[in-house]
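Engineer: what's the 3D shape of this:
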Amino acid sequence: MVGLKSRAKLFAFISLVLAMSSVLPLSIGSASIGSASTSAWPKELLPLQNVIEPLCQISPGIEEASAALKIQMRREEFQSRYWIPTVQAFADYGLQDTDSTGVRRPNILDNSRGRLGLLAELNLNPLLGPHLKSRREHMRLESARLASTLTFQEKLAEAIDLVLNLVVLKSRDEDLEVTRTRLDRQYRTVQANVRAGVQKMRDQNRFEADLLRNSESRLALQRSIKEVEERLTALTGGGLALTKASDLKWNSLLDLKIDPVSTIVTSPKLEQTRLQAEIRELDRELSLKETGLTFGLSSGLESTNSNLAPAWSLDSAREPFQSSWFVLLSLKYPLWDNGADSLKRLEASESERVSRLEAAQAAREFESTKVLLLDEQTRLEERIRLANRLRELELRSFQLVAADYREGRAGYLDWIGASQSLQESVRAQIDLASEWAKLWMKVKRLKGEMAGGLCEDRK
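Structural biologist: Next comes the predicted model:
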């Protein structure tokens, strides 16, 4: 009867602490990485989603960031329950040459001895700041979430940058094909005029040389395209990226809407540096609590049967289960530690001071980045407007020069100069479209929205 009561006490104690743990606030690990990462992608870049989604499964960097986040979630959950006792079952069994009264028995097998029971133990150091450690792990979880967002954005930006470079190169190649068609048509006209004796062979040779230069430029450009395609294939793990990248046209990039830079109040990097500063502050507080005079408190409840009999004995258990509990208070003070405690406090203090400086530097860099992005947007808008107007003028100029050349009022140099100017104006538009898309990407990265609903299963 005594054994049943003892076990009942133990299990009641365990049930109580487990019930109390059920009301403990849960970790926020189920929250998404980056509160703004669910923003929808613009329709102009929808083809890119299928391009970069494979990164979520094959990128070592993304997988490493995801694993670090999952581990930190567990750490935060574990540390937040510092006041929940541990429960363990134990059993041991052996032989001894005397019984519990110290009397030697003839048969050693009759003197078997062992223990069987459960132990619930709580090692609590309330003055050593377990609540601070719990808060620190919570901050580390937030920092890990921000680190994951930054890693995701970095890898996605790398893939998108390659896609944009591919779009630019292919668009230039298409424009070179348009130029080649224009040159070839004029070359055949000049060739026919030479045979008819209307024009000299010199113009025919010049147009043929321009065609050769066009072919050489396209071969070099196609080599660059091949290099980017292979880098993109290696990064995304297949040819899907190349197929979908072809659906992206340079002129659609100019329709991207840039978020107002002036309304951005923070960024993942800035928040991460601020969190690191707060973590270092907690480290300093903990170093003060864990050095010098320290206190410790531990308690436990144990229920055991400490004298078991072998199975062939008449008694299945010589003693009933017995319960005991304990509460221990410990005080420690280092009389001489060769400066170990003061070194810990100094390290924590200096680390906090440096982290505060880093947070201030990050805030200045954030504001400077906003100014630069706003300036870049303003200048890009003006450059795009000028490039569009220039394209119209160069096209009109070429049409006039081409007509004059056909009628003999303009020479070869006039024609080829107008053609090259037209080609350069188109190239400028293509380059500016890519710069505009990259500006969109910079703003999204600053806001922490570059991940935009991607890699959800990696969180």
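Engineer: Sticking with Ser323, tell me its helix or strand.
Structural biologist: Per DSSP states H and E: Ser323 is located in strand 322-332.
Engineer: next SSE after that strand?
Structural biologist: Using DSSP H and E, the helix or strand that follows strand 322-332 towards the C-terminus is helix 340-406.
Engineer: Quick one: the strands in the stretch 201-350 of the chain, in order.
Structural biologist: Using DSSP state E, counting those that start in this stretch, the strands of the stretch 201-350 of the chain run over 294-305, 322-332.
Engineer: among those strands, which is the most enclosed?
Structural biologist: Ranked by mean neighbour count under mean count of other Cβ atoms under 10 Å, those are led by strand 294-305, which reaches a mean of 17. C-betas here are computed from N, CA, C, even on glycine.
Engineer: and that strand, which strands flank it?
Structural biologist: Strand 294-305 sits in its sheet next to strand 112-124 (antiparallel), strand 322-332 (antiparallel), going by DSSP bridges.
Engineer: I'd like the distance between Gln191 and Met201.
Structural biologist: Between Gln191 and Met201 the computed distance is 10 Å (Cβ to Cβ, to the nearest Å).
Engineer: neighbour count winner among these two?
Structural biologist: More crowded of Gln191 and Met201, by other Cβ atoms under 10 Å: Gln191, with 16 against 10.
Engineer: List the contacts of that one.
Structural biologist: Gln191 sits next to Gln204 when contact means Cβ atoms under 8 Å, 6 or more residues apart in numbering.
Engineer: Tell me the spacing between it and Glu278.
Structural biologist: Separation of Gln191 from Glu278 (Cβ to Cβ) stands at 77 Å.
Engineer: which one of the strands of the stretch 201-350 of the chain has the lowest average pLDDT?
Structural biologist: Comparing mean pLDDT over the strands of the stretch 201-350 of the chain, the weakest stretch is strand 294-305, at a mean of 73.
Engineer: orientation of that one relative to helix 340-406 in degrees?
Structural biologist: Put simply, strand 294-305 runs at 100 degrees to helix 340-406, going by axes from the mean of the first three to the mean of the last three Cα atoms, to 10 degrees.
Engineer: what about strand 294-305, distance to the chain center?
Structural biologist: 43 Å (Cα atoms, centre = their mean, to the nearest Å).
Engineer: thinking again about what came up before, any chance of the strands of the stretch 201-350 of the chain in TSV, plus distance to Ala418?
Structural biologist: Compiled in TSV, the strands of the stretch 201-350 of the chain are given as follows (distance: least, Cβ to Cβ, whole Å):
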stretch	distance to Ala418
strand 294-305	85
strand 322-332	89
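Engineer: between those strands, which gets nearest to Arg136?
Structural biologist: Smallest distance to Arg136 across the strands of the stretch 201-350 of the chain (Cβ to Cβ): 18.1 Å, for strand 294-305.
Engineer: what's the neighbour count on the nearest residue to Ser349 once chain neighbours are set aside?
Structural biologist: The spatial neighbour of Ser349 that comes closest, neighbours along the chain excluded (Cβ to Cβ, 6 or more residues apart in numbering), is Arg284 at 5.6 Å. As a burial measure, Arg284 scores 19 neighbours (other Cβ under 10 Å).
Engineer: try the one 5 residues further on
Structural biologist: By the other Cβ under 10 Å criterion, the neighbourhood of Lys289 contains 17 residues.
Engineer: re the thing from before, would you put the C-alpha positions of the strand holding Ser323 in PDB?
Structural biologist: As requested, C-alpha coordinates have been extracted for strand 322-332 and formatted as PDB (Å, rounded to 0.1, in the frame of the first residue of the first chain):
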ATOM      1  CA  GLN A 322       9.900   4.300  -1.400                       C
ATOM      2  CA  SER A 323       9.600   8.000  -2.400                       C
ATOM      3  CA  SER A 324      11.900  10.800  -1.400                       C
ATOM      4  CA  TRP A 325      12.300  14.400  -2.400                       C
ATOM      5  CA  PHE A 326      15.100  16.900  -2.100                       C
ATOM      6  CA  VAL A 327      15.800  20.700  -2.400                       C
ATOM      7  CA  LEU A 328      19.400  21.900  -2.500                       C
ATOM      8  CA  LEU A 329      20.600  25.400  -2.400                       C
ATOM      9  CA  SER A 330      24.300  26.000  -3.400                       C
ATOM     10  CA  LEU A 331      26.400  29.100  -3.100                       C
ATOM     11  CA  LYS A 332      29.800  29.600  -4.900                       C
END
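Engineer: Could you shift the numbering so residue one becomes 32, and keep it that way?
Structural biologist: Sure thing, new numbering starts at 32, so read that last one as strand 353-363.
Engineer: starting at the chain centroid, how far to the helix or strand hosting Ala178?
Structural biologist: For Ala178, the host element (DSSP H and E) is helix 161-226. Here helix 161-226 is found 19 Å from its chain centre; the criterion is Cα atoms, centre = their mean.
Engineer: If I take that helix and helix 371-437, what angle do their directions form?
Structural biologist: On the basis of the same axes, to 10 degrees, helix 161-226 is oriented at 20 degrees to helix 371-437.
Engineer: and the gap between Leu404 and Ser248?
Structural biologist: Per Cβ to Cβ, Leu404 is found 34 Å from Ser248.
Engineer: and if you look at Ala190?
Structural biologist: Distance, Ala190 to Ser248, by Cβ to Cβ: 27 Å.
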